[in-house]
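**Student:** Provided below are the primary sequence and the corresponding predicted coordinates.
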2 protein chains.
Amino acid sequence: MREIYRQLIHICTIVGARPQFIKASAISRVINEKYPGKIRESILHTGQHYDFSMSELFFKELGIPQPVKHGECGGGTQAEQTSAMLLFCEKMLLELKPDLVLVYGDTNSTMAAALVASKLHIPIAHIEAGLRSYDRQMPEEVNRLLTDHLSSLLYVPVQSGLDCLEKEGLRPGHAGKPNPLKPQVVLCGDVMLDSALHFASVSGGVLSEYGLQENKYLLCTIHRPSNADEPKRLFKIFDELKALASKLDKKPVLPLHPRTLKVLGEEGLDYMQKQGLQVIPAQGYLSMLQLEKNAFMILTDSGGVQKEAFFFQKPCVILRDTSEWTEILSSGWAVLAGDAELRVCEKALHLLQHMPEEHPAIFGDGRAAESIVAHIFQSFQ
Amino acid sequence: MREIYRQLIHICTIVGARPQFIKASAISRVINEKYPGKIRESILHTGQHYDFSMSELFFKELGIPQPVKHGECGGGTQAEQTSAMLLFCEKMLLELKPDLVLVYGDTNSTMAAALVASKLHIPIAHIEAGLRSYDRQMPEEVNRLLTDHLSSLLYVPVQSGLDCLEKEGLRPGHAGKPNPLKPQVVLCGDVMLDSALHFASVSGGVLSEYGLQENKYLLCTIHRPSNADEPKRLFKIFDELKALASKLDKKPVLPLHPRTLKVLGEEGLDYMQKQGLQVIPAQGYLSMLQLEKNAFMILTDSGGVQKEAFFFQKPCVILRDTSEWTEILSSGWAVLAGDAELRVCEKALHLLQHMPEEHPAIFGDGRAAESIVAHIFQSFQ
């Protein structure tokens, strides 16, 4: 018994924002299925996001382990939120004394957890390391930069992340026990791909609920203020969408956020109906995966949906004039159509006529979580 | 009038620990003397250190400008202190809206100020950038690392700092307006040298107070727990000091901290007296400078005193087995004598017999503050 206990690695996962729970679930699944008695995981939820969709139902629905402790660090200014998180994380880490702190992405929760762990001399593993927008106006950019420089184990989802880290002196090559002075930089794929593949296989009734058929509809999401708050742009997108739908003989479907519905008003909804656009309510993660997986084509201004379109091998029209996922663009699976002219229909048709034969494994093979947990386990041996 | 106002650069200096005020005074002096109507400085004191020696008297004695605002962020755990500082700095920076935040060194105040400024998109200048101990157990190491990566203007005191920054991808070469994506790395010398030279020229009566004569005494300071809390080591140091003093025909003088006096007890003090060692109370910054400047030789386990010994071109015996100032060691002006054997006398004599002819400008020319302020001013033009 003693021997077993000594081998047990205690990981404390600290999350706070909705997507982080989805990412963390991929890791938790691997730990629970493949490392019983070898790795123990405690989950802390800072409370950065807290709403109904993050309640017990969310955890149950996604089969995500419940946090051992829930902070109340949402809201407030950057400093207020970060302060509350520092206090919460320090208190909990002093109590739990884990062997490793595991953080995801680039939220204030990520950075606060990393800062506290580094001061307590607890090594840090950072999943989604190496991403850079090179826009320091984004608080997320500051968070990811600091977290990377504090981490001992840096799990990089895409090749370009390795290049970004190398410019900052963080290079692959080290091995052994986690040590922030010898950071281990590992290209391992994207846990969001793992999660998308896993949860998309969970059966869901969303297609039948809205009378949709596999490959017979165009899925369109609009949420960025630069589109959603501009009625003129919205109407132009609707016109383009109608034109595209009739050329392709597909049904245009738009899950719309209540805020966008408000911008549109009665008149806008009437117009959409006249154009033959099917409006449905904003969807949760599981239903969105179903809608994406079964769409003929996806049009979106969301970074997450762009990636999921690529995961499910769907052609994607990006309703913006830039994208953080340049790898998807250069693979030929997506096209930008968000400039002032908004020639969405033309660009979508061009994309369909020039679809690449290859679908490169930009985000890995869907087993990022397995390789991350194996690497963590190995590094403690 | 309008034109003048538009040219005025508003710098907010954020300090919290005693040495930071001394460093900041060198910069404030240059701003006040050479940039009236061009640069305006507001000083925030987080309150990280607060005691009598930091009271009004401290500011008056050193001629340091009073802080515009005083926080109460001392004490507590790392996270508690940092939290309080984040809140204080954010509130004040939102109110002051400076063009630049100026921070010093590696305290929690430094890091908290930099973190808040970066989230508020205020560029950061870091004085004493690039120093690394490569010991992540020290909270200071985490603070300096993060502050450097958030800064737009990095003022590096010594050449080795440039090398450390280069390994992290922070290289000289950029110019123009302060921009954290194009950090400007500048080797400029050490503002502590500026301050030491300036304040040492202020007349002080400490020598006559203790009956000391220029170049006729050995100055010895002991404050690190590894020496000061070990009576056996302390007595060995005293014996060595006595031997050295008689060989050189100099008076051994020890300013002792109350804590060390307590460790020694009555018996210890008696012993010191019998050995002919002159014990004086712990001294403030100004008196210490006088004592250092007029000593024949300095023996110390303090990093600061090591540097000041070098500033005043005094041979220095370091009562430790490592030093963060490897440049001083390799210049031949100091020697390590803090291993288990503590052969202080022998090493001191050897050092004196082999004093170098050159005194390299490792820490600059005593005009670091001038070049820093000129660079800041230039970068805003």
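**Tutor:** Alright, I've got the coordinates.
**Student:** and the next element down the chain from the host helix or strand of A:Tyr155?
**Tutor:** Using DSSP states H and E, the element containing A:Tyr155 is strand A:153-156. Following strand A:153-156 in sequence order, the next helix or strand is helix A:159-167 (DSSP H and E).
**Student:** what's the neighbour count on A:Gly47?
**Tutor:** 21 (other C-beta atoms under 10 Å in any protein chain shown). Quick note: C-beta positions are derived from backbone N, CA and C, even for glycine.
**Student:** hmm, back to that, show me what the strand holding A:Tyr155 is packed up against.
**Tutor:** Strand A:153-156 sits against strand A:124-127, helix A:159-167, strand A:184-187, helix A:368-379, with contacts defined as 3 or more C-beta pairs under 8 Å, 6 or more residues apart in numbering or on different chains; DSSP states H and E.
**Student:** Identify each buried residue in stretch A:339-354, please.
**Tutor:** For stretch A:339-354, the buried set under the neighbour-count rule, 16 or more other C-beta atoms under 10 Å in any protein chain shown, comprises A:Leu342, A:Val344, A:Cys345, A:Lys347, A:Ala348, A:Leu349, A:Leu351, A:Leu352.
**Student:** Next, find the distance separating the first one from B:Val279.
**Tutor:** Same thing as A:Leu342. 83 Å (C-beta to C-beta, to the nearest Å).
**Student:** Repeat that for the fourth one.
**Tutor:** Taken as C-beta to C-beta, the spacing of A:Lys347 relative to B:Val279 amounts to 84 Å.
**Student:** which residues of chain A fall in strands?
**Tutor:** Applying DSSP state E to chain A gives strands spanning A:9-15, A:39-45, A:69-70, A:100-104, A:124-127, A:153-156, A:184-187, A:217-221, A:251-256, A:278-281, A:297-300, A:316-318, A:334-336.
**Student:** Give me the helices and strands touching the fifth one, please.
**Tutor:** Secondary structure elements in contact with strand A:124-127, counted by 3+ C-beta pairs under 8 Å, 6+ apart, are strand A:100-104, helix A:108-119, helix A:139-150, strand A:153-156, helix A:368-379.
**Student:** Columns mean pLDDT and mean neighbour count on top of those, output as TSV?
**Tutor:** Shown next, in TSV, are those (pLDDT from 0 to 100; neighbours: other C-beta atoms under 10 Å in any protein chain shown):
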stretch	mean pLDDT	mean neighbour count
strand A:100-104	98	27
helix A:108-119	98	28
helix A:139-150	97	23
strand A:153-156	98	26
helix A:368-379	98	20
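**Student:** Save those as TSV, and put in distance to A:Pro252 too.
**Tutor:** Output for the helices and strands packed on strand A:124-127, formatted as TSV (distance: least, C-beta to C-beta, whole Å):
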stretch	distance to A:Pro252
strand A:100-104	34
helix A:108-119	37
helix A:139-150	32
strand A:153-156	37
helix A:368-379	33
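**Student:** Tell me the pLDDT of A:Arg6.
**Tutor:** A:Arg6 carries a pLDDT score of 55 in this model.
**Student:** whoops, A:Gln283 was the one
**Tutor:** For A:Gln283, the model assigns a pLDDT of 90.
**Student:** what about the residue lying closest to it once chain neighbours are set aside, distance to A:Ser302?
**Tutor:** Distance criterion C-beta to C-beta, 6 or more residues apart in numbering or on different chains; nearest residue to A:Gln283, sequence neighbours excluded, is A:Pro255 at 4.9 Å. Going from A:Pro255 to A:Ser302 by C-beta to C-beta gives 11 Å.
**Student:** between these two, which one's more packed in?
**Tutor:** Higher neighbour count among A:Pro255 and A:Ser302: A:Pro255, with 21 against 18, using other C-beta under 10 Å.
**Student:** How about the contacts made by the more buried one?
**Tutor:** By C-beta atoms under 8 Å, 6 or more residues apart in numbering or on different chains, the contact set of A:Pro255 is A:Leu219, A:Thr221, A:Ile280, A:Pro281, A:Ala282, A:Gln283, A:Met288, A:Leu291.
**Student:** Restricted to helices, list the buried residues of stretch A:339-354.
**Tutor:** Secondary structure from DSSP state H places A:Val344, A:Cys345, A:Lys347, A:Ala348, A:Leu349, A:Leu351, A:Leu352 of those in helices.
**Student:** Isn't the second one up against A:Lys247?
**Tutor:** Pointing back at A:Cys345 there. Yes. Using C-beta atoms under 8 Å, A:Cys345 makes contact with A:Lys247 at a distance of 6.9 Å.
**Student:** give me the number of residues near the nearest residue to A:Glu358 once chain neighbours are set aside?
**Tutor:** Spatial nearest neighbour of A:Glu358, excluding adjacent residues (C-beta to C-beta, 6+ apart): A:Ser331 at 7.7 Å. By the criterion of other C-beta under 10 Å, A:Ser331 has 15 neighbours.
**Student:** same check, this time on A:His359
**Tutor:** Counted with other C-beta under 10 Å, A:His359 comes out at 13.
**Student:** what about the spatially closest residue to it that is not a sequence neighbour, how many neighbours?
**Tutor:** Closest residue to A:His359 apart from its sequence neighbours, by C-beta to C-beta, 6+ apart: A:Gln313 at 5.4 Å. Residues within reach of A:Gln313, counting by other C-beta under 10 Å, total 10.
**Student:** go on, A:Ile31?
**Tutor:** For A:Ile31, using other C-beta under 10 Å, the count is 21.
**Student:** Distance of A:Tyr104 relative to A:Phe21?
**Tutor:** Applying C-beta to C-beta, the value for A:Tyr104 to A:Phe21 is 9 Å.
**Student:** and for the two, which residues touch both?
**Tutor:** With C-beta under 8 Å, 6+ apart as the test, A:Tyr104 and A:Phe21 both reach A:Val15.
**Student:** A:Val101 touches A:Pro123, doesn't it?
**Tutor:** Yes. Counting by C-beta under 8 Å, A:Val101 touches A:Pro123, with 7.3 Å between them.
**Student:** Spit out the residues that contact those two alike.
**Tutor:** Counting by C-beta under 8 Å, 6+ apart, the common neighbours of A:Val101 and A:Pro123 are A:Ala117.
**Student:** dump the residue contacts of A:Gln20.
**Tutor:** Applying C-beta under 8 Å, 6+ apart, the residues near A:Gln20 are A:Tyr104, A:Gly105, A:Thr107, A:Ser109, A:Thr110.
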